[in-house]
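Enquirer: I would like to see how this sequence folds:
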Amino acid sequence: MTSPRTTASTAEAPMITGADVATLWDLVARRAELTPDAPLLLADTPTGQVRLTCADLVARAERVAAGLAALGVAPGTAVCWQLPTRVETVVLSMALARLGAVQVPIIHIYREREVAVALRETGARLLCVPGVWRGTDYVALAAAASRDLADPPEVLVVGAGEAGLPDGDPATLPPPPTDGEAVRWIYFTSGTTSAPKGVRHRDATLVAAGVGLALALRARPDDVGSIAFPVAHIGGPDYLAMMLSVGFPALLLEAFVPADAVAAYRRHGVTIAGGSTAFYTALLAAQRGSPTPEAPLVPTLRLLAGGGAPKPPELFTDVRRELGIPVAHGYGMTEIPMITQGSPADSDDALMHSEGAPLPGVEVRVVRSDRTDSTDGADGADGTGETVAPVGVEGEVRVRGVTVCAGYTDPAATAAAFDADGWFRTGDLGFLRPDGHVTLTGRLKDVIIRKGENVSAKEVEDLLYQHPKVAAAAVIGLPDTERGELVCAVVEPAPGAEPPTLAELAAFLRGAGLMVQKIPERLEVVDALPRNATLKILKHELRARYAG
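Expert: Model (predicted):
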């Protein structure tokens, strides 16, 4: 297949900014007007290669939107979708954007516990699932998640190749939405609580994040990107907004299998790849395992970019030396999809030792508190004694600006998330460099970031305490070059009980409905957990003990 990077229509595509459009659908429609024949979505399927142009996406999304409207989906209707990274998933999402529905994307790894919370808190009228995919029956999962709801949603099975997508006449559609400030996206994150929290986003938030990402990465119309991460992640619409803003296509992969991904990248001439630290390390390993390690793994590749998990500085050096390209790492979260982003224009020192500079329209400040204890997680939440830290001094990172969410579905959580001046409390520790870049050093909140996904330690601990062989447990994150962090459970056995095994605890947690990515990969058994005078478990001691 000829690489779409060489087409004339993409080479001349002008950039669209947040000042040009109000909603995500505006961005889709505007791109189709400017470069209708430019490729946008690329995929390899069992039946052949799929290639959707910008005009194709508009036409298909409007037909699906009309079909959804016939099913009762209207502006403001909440629709959950738990679907793989496929072309038809993007078509469905853009159809919902055309209608002005409230989208609730759910990561495919979430199970009954997380899906049930999303359905209950949003009152979703429709849940779109892929049927059986990668060994999981999502129809059965939907039924289990809905069984305690008084008014469960209708379940729509959307298979590969647009099977199951509704179809209708676009002439029957109402006018598209015009208010970019309306909340039309709700993402659920485990965060640092025992139950997932619903994060409310606007189209304007996601468009600003995507445009800022495009500017930082110096994306070009002749680039070919890749979405090898779940498109249901907050990064999904951000990446799509970047593509639409600049006018370049991306290859969609249902799953990131390194050997398969490298082959697909080569076929399609991918220039920007990545997703998180795990992607960088996998591609580095593929380069090292190549029969010709001195030759570029993907000759067209010019940049690895991503975020979502800590990036060891030495990983940048290894990638630069062996793959011959830079890593531009960024910093964001479900509540603020893009805060900072590294750029290929940055110095190697900045790319190695920071998460990049704040995006346009985003402000970052670092706050110190007389209650902040960087070793054990107190965060000075009442604001007592807070001061803005000077350059180079560690404190809590706080953010305000165009990419910050509109709060949570829980008003109390929203009130706690913002300080008196309207800055969002990230819970992350870091400092500002003299060049304006942000370097993260740790976290105030007790959350583990494994392969870009937040794992609530408390949620896992609460379940472990229910095991008959467990008297007390502490769940901590330990540095891991592939995952960013791995999940480690440190357990005090119940009196008189044999110590539990890792296999026993994993089976117990799976039986409790916990998703696989939250299940500990390491177990340490101790006679007594370290505690302070008030019997609080000292997790910083455990991290120091087991980090090696």
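
Enquirer: For Val470, list each beta-bridge partner.
Expert: Judged by DSSP bridges, the bridge partners of Val470 are Pro493.

Enquirer: which residues touch it?
Expert: Leu464, Val491, Glu492, Pro493, Ala494, Pro500, Leu505 (CB atoms under 8 Å, 6 or more residues apart in numbering). Backbone N, C-alpha and C define where each C-beta goes, glycine included.

Enquirer: Try it again at 7 Å.
Expert: Leu464, Val491, Ala494, Pro500 (CB atoms under 7 Å, 6 or more residues apart in numbering).

Enquirer: Give me the lowest-pLDDT entry from those.
Expert: Least confident of the contacts of Val470 in the model: Ala494, at 87.

Enquirer: what's the neighbour count on it?
Expert: 15 (other CB atoms under 10 Å).

Enquirer: and the closest residue to it other than its chain neighbours, how many neighbours?
Expert: Closest residue to Ala494 apart from its sequence neighbours, by CB to CB, 6 or more residues apart in numbering: Ala471 at 4.5 Å. When counting by other CB under 10 Å, one arrives at 15 neighbours for Ala471.

Enquirer: distance of Ala471 from Val525?
Expert: 11 Å (CB to CB, to the nearest Å).

Enquirer: Same question for Val64.
Expert: 53 Å.

Enquirer: re earlier: can you pick out the most distant pair from the contacts of Val470?
Expert: Maximum pairwise distance in the contacts of Val470, criterion CB to CB, is 11.3 Å, between Leu464 and Ala494.

Enquirer: where do the strands sit along the stretch 351-500 of the chain?
Expert: Using DSSP state E, counting those that start in this stretch, the strands of the stretch 351-500 of the chain run over 357-358, 362-368, 387-388, 395-401, 424-432, 438-443, 447-450, 453-456, 470-480, 484-493.

Enquirer: Arrange those strands in JSON lines, one row each, with distance to Pro170 as further columns.
Expert: Compiled in JSON lines, the strands of the stretch 351-500 of the chain are given as follows (distance: least, CB to CB, whole Å):
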{"stretch": "strand 357-358", "distance to Pro170": "40"}
{"stretch": "strand 362-368", "distance to Pro170": "36"}
{"stretch": "strand 387-388", "distance to Pro170": "52"}
{"stretch": "strand 395-401", "distance to Pro170": "36"}
{"stretch": "strand 424-432", "distance to Pro170": "39"}
{"stretch": "strand 438-443", "distance to Pro170": "44"}
{"stretch": "strand 447-450", "distance to Pro170": "42"}
{"stretch": "strand 453-456", "distance to Pro170": "37"}
{"stretch": "strand 470-480", "distance to Pro170": "48"}
{"stretch": "strand 484-493", "distance to Pro170": "44"}
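
Enquirer: So for Asp349, which of those sits nearest?
Expert: strand 438-443 (10.9 Å).

Enquirer: and the closest one, how far out from the chain's middle?
Expert: 18 Å (CA atoms, centre = their mean, to the nearest Å).

Enquirer: ditto for stretch 490-501
Expert: 36 Å.

Enquirer: and what of stretch 260-271?
Expert: 22 Å.

Enquirer: Now do the buried residues in that stretch.
Expert: The neighbour-count criterion (16 or more other CB atoms under 10 Å) identifies Ala261, Val262, Ala264, Tyr265, His268, Gly269, Val270, Thr271 as the buried residues of stretch 260-271.

Enquirer: Could you do stretch 203-223 as well?
Expert: In stretch 203-223, counting by 16+ other CB under 10 Å, buried: 203-217, 219-223.

Enquirer: Over to stretch 281-301?
Expert: Buried residues in stretch 281-301 (16+ other CB under 10 Å): Thr281, Ala282, Leu283, Leu284, Ala286, Gln287, Leu297, Val298, Thr300, Leu301.

Enquirer: cool, stretch 25-44 as well?
Expert: 25-32, 34-35, 38-44.

Enquirer: now the stretch 401-548 of the chain, which segments are flagged as low pLDDT?
Expert: Applying pLDDT under 70 to the stretch 401-548 of the chain flags the ranges 442, 445, 532-536.

Enquirer: how about 90 then?
Expert: Within the stretch 401-548 of the chain, the stretches with pLDDT under 90 are 428-430, 440-462, 465-466, 471-472, 481-484, 494-496, 528-529, 531-541, 547-548.

Enquirer: Tell me who's in contact with Leu303.
Expert: Leu217, Ile272, Ile325, Pro326, Ala328, Pro344.

Enquirer: Quick check: the farthest pair among these?
Expert: Within the contacts of Leu303, Leu217 and Ile325 form the most distant pair, 12.4 Å apart (CB to CB).

Enquirer: chain center to the helix or strand where Gly198 lies, what's the gap?
Expert: For Gly198, the host element (DSSP states H and E) is strand 197-202. From the chain centre to the centre of strand 197-202 is a distance of 13 Å (CA atoms, centre = their mean).

Enquirer: contacting residues around it?
Expert: 121-122, 180-189, 191, 334-335, 405-410, 413.

Enquirer: neighbour count winner among Val64 and Val525?
Expert: Higher neighbour count among Val64 and Val525: Val64, with 26 against 15, using other CB under 10 Å.

Enquirer: so what's the more buried one closest to, chain neighbours aside?
Expert: The shortest distance from Val64 to any non-neighbouring residue, by CB to CB, 6+ apart, is to Ala95 (3.8 Å).

Enquirer: Would you tell me what helix or strand that neighbour is located in?
Expert: Counting by DSSP H and E, the element that carries Ala95 is helix 87-99.

Enquirer: could I have that helix exported to PDB, CA atoms only?
Expert: Output of helix 87-99 as PDB, limited to C-alpha atoms (Å, rounded to 0.1, in the frame of the first residue of the first chain):
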ATOM      1  CA  VAL A  87     -12.500   2.300  12.700                       C
ATOM      2  CA  GLU A  88     -16.200   1.700  13.500                       C
ATOM      3  CA  THR A  89     -15.600   2.800  17.100                       C
ATOM      4  CA  VAL A  90     -14.400   6.200  15.900                       C
ATOM      5  CA  VAL A  91     -17.300   6.300  13.600                       C
ATOM      6  CA  LEU A  92     -19.700   5.600  16.400                       C
ATOM      7  CA  SER A  93     -18.000   8.200  18.700                       C
ATOM      8  CA  MET A  94     -18.200  10.900  16.000                       C
ATOM      9  CA  ALA A  95     -21.900  10.000  15.400                       C
ATOM     10  CA  LEU A  96     -22.600  10.600  19.000                       C
ATOM     11  CA  ALA A  97     -20.600  13.900  18.800                       C
ATOM     12  CA  ARG A  98     -22.800  14.900  15.800                       C
ATOM     13  CA  LEU A  99     -26.000  14.300  17.900                       C
END
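
Enquirer: Now do that helix: which elements does it pack against?
Expert: helix 24-34, strand 39-45, helix 54-70 (3 or more CB pairs under 7 Å, 6 or more residues apart in numbering; DSSP states H and E).

Enquirer: Other residues contacting it?
Expert: Counting by CB under 7 Å, 6+ apart, 24-25, 28, 41, 43, 50, 52, 57, 60-62, 64-65, 68-69, 73-75, 79, 81, 83, 103, 128, 158, 162, 165, 176, 231, 240, 252 sit against helix 87-99.
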